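[1] Quick one: sequence and predicted model below, then my questions.
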Amino acid sequence: MIKLNWIHHLHGLLFVLLFISGLSLYFSTTRTWFNELQFPLVSFHLWVSLFYGIIIVFSLRLVFQYMAKKPYIKFFNVWLNISFIVIWILSGLIMYFQGYLPTTIGNGAVTIHGWFTFLFIPWVLIHSAGHLIKIKIPWPPWWRGKAMLPSTVSENRLERRDFIRFTLLGVLFLFIGSGIKWIQPILNVAGDENKRRGYFRIYNVTSDYPRYEDSSWSFTVDGEVDESLTLTMNDLLRLPVISIVDDFHCVTGWSVRNVEMKGVLVKDLFEKHNLTPRTAFATAYSGDQVYYDSFTLPQLIDEGAMLVFEFDGQELVNPQGYPCRLFHPGMYGYKSVKWIERLEFTTERRRGYWQVMGDYDLDGYL
Ligand SMILES: Nc1nc2c(c(=O)[nH]1)N[C@H]1C(S)=C(S)[C@@H](COP(=O)(O)O)O[C@H]1N2
Ligand SMILES: [Mo]
């Protein structure tokens, strides 16, 4: 029995950790917050899930043995848990390996992963409340089944573990309460104004972003170049402006398909301004002073990298990088530096923000 109690607590603890880290990843505000604390939330979530999965697998036999003598309500609980866990694991795996799968499947998995989490909240609340406050629900005898309630209720003597539960539950409630507020920023950006691009989950490692007035933005190429160069938006618009339609993929599992992007090829910019770099490595910096990522010269020139200023026929909105962001058609979204202000050529290749913080691949190919 002690074993089962421990499993129950461990299960609860891991679940709350997963729940909190998962929701924090879901809401842009909290994601930002953890980034600023330099806490690798994605890997945390993945490692806890792995541990959680192992615990589940190893405890199943014991749990079923225990259940054989218990009321049906316990069966319901266990099966509900198991089905949700299976769904989370499967959708999580698809999100993890989304690079190898069609985008509709990846997006579906992201949606399911999120929805099942929200669906689970009422159950978590009822279950935790049941354990803490020892509510006796008058289940009809046929539902209560083999054992009478008192034997199960007697498991719920208030102990140190209850204190832990209380704390966790408090955190949970706080979180859900604040969640209502946190939902706001996502809805705002994805809302009516840009229905077609509404599937972008605005990602931003800082809690604020630079806001540029019409003329306060410029783009500089410097470092190991023969002559550095600074361009205004008007200068950019004098270059050949092209439109492409392409899919946008984030490594975390979501994609937006058929985004029409308007901008200038880095190749054209270099040719028209006779830019001759002395090295083959460049770092692109965001005006937020935090985010950056690096490329090789061929990646920028030969692979169609673009400075983009319109999505779907509209100027980028502020949180999406207004007035300009980088886009590489063959790479993941994290290479798409928003509010790009500077391209610096360096003698060696720098690792970007997510390569330092999150162990992302340097080249980021899809
Ligand atoms: N400056 C800046 N650019 C950024 C990021 C960021 O946090 N800051 N996130 C990157 C990541 S991981 C992705 S997936 C895309 C997301 O684009 P969106 O915010 O327009 O959805 O922007 C990329 N560019
Ligand atoms: Mo991303």
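    Yep, that arrived. Ligands and ions are numbered 1, 2, ... in the order given.
[2] and residue 208, how many neighbours does it have?
    The criterion is other C-beta atoms under 10 Å. On that basis, residue 208 has 9 neighbouring residues. Bear in mind the C-beta positions are built from the backbone N, C-alpha and C, glycine included.
[3] now whatever residue of the chain ends up closest to ligand 2: how far from ligand 1?
    The chain approaches ligand 2 most closely through residue 250 (3.5 Å), counting by C-beta to the ion. Using C-beta to the nearest ligand atom, to the nearest Å, residue 250 is found at 3 Å from ligand 1.
[4] Contacts only, for that residue.
    Residues counted as contacts of residue 250 (C-beta atoms under 8 Å, 6 or more residues apart in numbering) are 201, 203, 332, 333, 334.
[5] Around ligand 1, which positions in the stretch 201-350 of the chain sit nearby?
    Within the stretch 201-350 of the chain, the positions lying close to ligand 1 (C-beta under 6 Å from any ligand atom) are 201-205, 250, 286, 288, 291, 320, 333-334, 336-339.
[6] Kindly recompute the last result at 5 Å.
    Within the stretch 201-350 of the chain, the positions adjacent to ligand 1 are 202-205, 250, 286, 288, 291, 320, 333-334, 336, 338 by C-beta under 5 Å from any ligand atom.
[7] Farthest-apart pair in these, please.
    Comparing all pairs in these by C-beta to C-beta, the longest separation belongs to 250 and 288, at 17.8 Å.
[8] which sections of the protein are below the confidence cut-off?
    Confidence mapping of the chain against pLDDT under 70 gives the ranges 1-2, 28, 35-36, 38, 71-73, 134-167, 169-171, 173-199.
[9] Tell me the residues of this protein that contact ligand 2?
    250, 333, 334 (C-beta under 5 Å from the ion).
[10] The second one and residue 203 touch, don't they?
    When you say that, I think you mean residue 333. Yes. If you go by C-beta atoms under 8 Å, residue 333 and residue 203 touch, sitting 7.3 Å apart.
[11] Spatially nearest residue to residue 26, not counting backbone neighbours?
    Nearest in space to residue 26, with sequence neighbours left out and distances taken as C-beta to C-beta, 6 or more residues apart in numbering, is residue 114 at 6.1 Å.
[12] by contact count, what packs against the host helix or strand of the one you found?
    In this assignment (DSSP states H and E), residue 114 forms part of helix 103-133. If you count contacts as 3 or more C-beta pairs under 8 Å, 6 or more residues apart in numbering; DSSP states H and E, helix 103-133 packs onto helix 2-26, helix 72-96, helix 160-190, strand 241-249, strand 255-265.
[13] again, only using 6 Å
    helix 72-96, strand 255-265 (3 or more C-beta pairs under 6 Å, 6 or more residues apart in numbering; DSSP states H and E).
[14] Can you list the buried residues in the longest one?
    Judged by neighbour count using 16 or more other C-beta atoms under 10 Å, the buried positions of helix 72-96 are 73-74, 77-78, 81, 85, 87-89, 91-92, 94-96.
[15] Pull the most distant pair out of these.
    73 and 96 (34.2 Å).
[16] and stretch 221-233, C-alpha only, in PDB?
    The C-alpha trace of stretch 221-233 is given here as PDB (Å, rounded to 0.1, in the frame of the first residue of the first chain):
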ATOM      1  CA  VAL A 221      25.100  45.300 -42.900                       C
ATOM      2  CA  ASP A 222      28.500  45.600 -41.200                       C
ATOM      3  CA  GLY A 223      31.400  43.600 -39.700                       C
ATOM      4  CA  GLU A 224      33.700  41.800 -42.200                       C
ATOM      5  CA  VAL A 225      32.500  43.600 -45.300                       C
ATOM      6  CA  ASP A 226      34.400  45.900 -47.600                       C
ATOM      7  CA  GLU A 227      32.100  48.800 -46.800                       C
ATOM      8  CA  SER A 228      29.200  48.700 -44.300                       C
ATOM      9  CA  LEU A 229      25.800  49.800 -45.400                       C
ATOM     10  CA  THR A 230      22.700  51.100 -43.800                       C
ATOM     11  CA  LEU A 231      19.300  51.000 -45.500                       C
ATOM     12  CA  THR A 232      16.000  52.600 -44.600                       C
ATOM     13  CA  MET A 233      12.700  51.000 -45.500                       C
END
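[17] which residues sit against it?
    218-220, 273, 275-279, 323, 343-346 (C-beta atoms under 6 Å, 6 or more residues apart in numbering).
[18] So what's the gap between it and the chain middle?
    In terms of C-alpha atoms, centre = their mean, to the nearest Å, the gap separating the centre of stretch 221-233 from the centre of its chain is 34 Å.
[19] before we move on, what about stretch 314-330?
    Its chain's C-alpha centre and that of stretch 314-330 lie 19 Å apart, by C-alpha atoms, centre = their mean.
[20] Show me what counts as buried in it.
    316-328.
[21] farthest-separated two in those?
    Counting by C-beta to C-beta, the most remote pair of the buried residues of stretch 314-330 is 318 and 328, 22.2 Å apart.
[22] number of nearby residues for the nearest residue to residue 10 once chain neighbours are set aside?
    Leaving out its chain neighbours, the residue that sits closest to residue 10 by C-beta to C-beta, 6+ apart is residue 55, at 5.9 Å. As a burial measure, residue 55 scores 15 neighbours (other C-beta under 10 Å).
[23] Then residue 55 would be within a strand, right?
    No. Counting by DSSP: H, G, I helix; E, B strand; the rest coil, residue 55 falls outside a strand, being helix.
[24] How much space separates it from residue 224?
    Using C-beta to C-beta, to the nearest Å, residue 55 is found at 52 Å from residue 224.
[25] what do you get for residue 232?
    Relative to residue 224, residue 232 is positioned 23 Å away (criterion: C-beta to C-beta).
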